[in-house]
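Participant: what follows is a protein structure lacking sequence information:
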């Protein structure tokens, strides 16, 4: 399984971005997937997750109401719509997947990881 993120970039506060993560290999609709982010010099932080099969979602409090996770199983693609971006959202964003339909919010829940895409929000 390989995951490749795209869509990052440099934006101003208040702008929007949509991140994509294309999965190749054996990714089934039953897999749960998630987004994490990592600021320079800090650990990886949970952002959002989506369960397999039922598509149930869970978002971190820091992004609730601004970010939305979704998936297109036919295209093996995971999305993260980010609105009202803030400078504190600046980080490398990673997508992740695991062979379990129940969504997880911990880094160690996930088996497969992408290389990350940089998001920089200027004030």
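Facilitator: Here it is on my side, so go on. Since the model is a prediction, treat every value here as computed from it, not as a measurement. Numbering: from 1, shown residues only.
Participant: before we move on, which element is the residue nearest to residue 85 when sequence neighbours are not counted in?
Facilitator: The spatial neighbour of residue 85 that comes closest, neighbours along the chain excluded (CB to CB, 6 or more residues apart in numbering), is residue 121 at 4.6 Å. Every residue, glycine included, has its C-beta placed from N, CA and C. When secondary structure is defined by DSSP states H and E, residue 121 falls within strand 117-122.
Participant: now do that strand: everything it contacts.
Facilitator: Surrounding strand 117-122, the residues in contact under the criterion CB atoms under 8 Å, 6 or more residues apart in numbering are 5-13, 15, 17, 19, 37, 82, 85-93.
Participant: what about the residue nearest the centre of the chain, helix or strand, and which?
Facilitator: Note on the chain: the residue nearest the mean C-alpha position is residue 35, at 2.3 Å, using CA atoms, centre = their mean. Secondary structure here is read from DSSP H and E; on that basis residue 35 sits in strand 32-38.
Participant: partner strands of that strand, parallel or antiparallel?
Facilitator: In the sheet containing strand 32-38, the strands it pairs with under DSSP bridges are strand 44-50 (antiparallel), strand 91-98 (antiparallel).
Participant: part of a helix, is residue 88?
Facilitator: Yes: if the criterion is DSSP: H, G, I helix; E, B strand; the rest coil, then residue 88 is within a helix.
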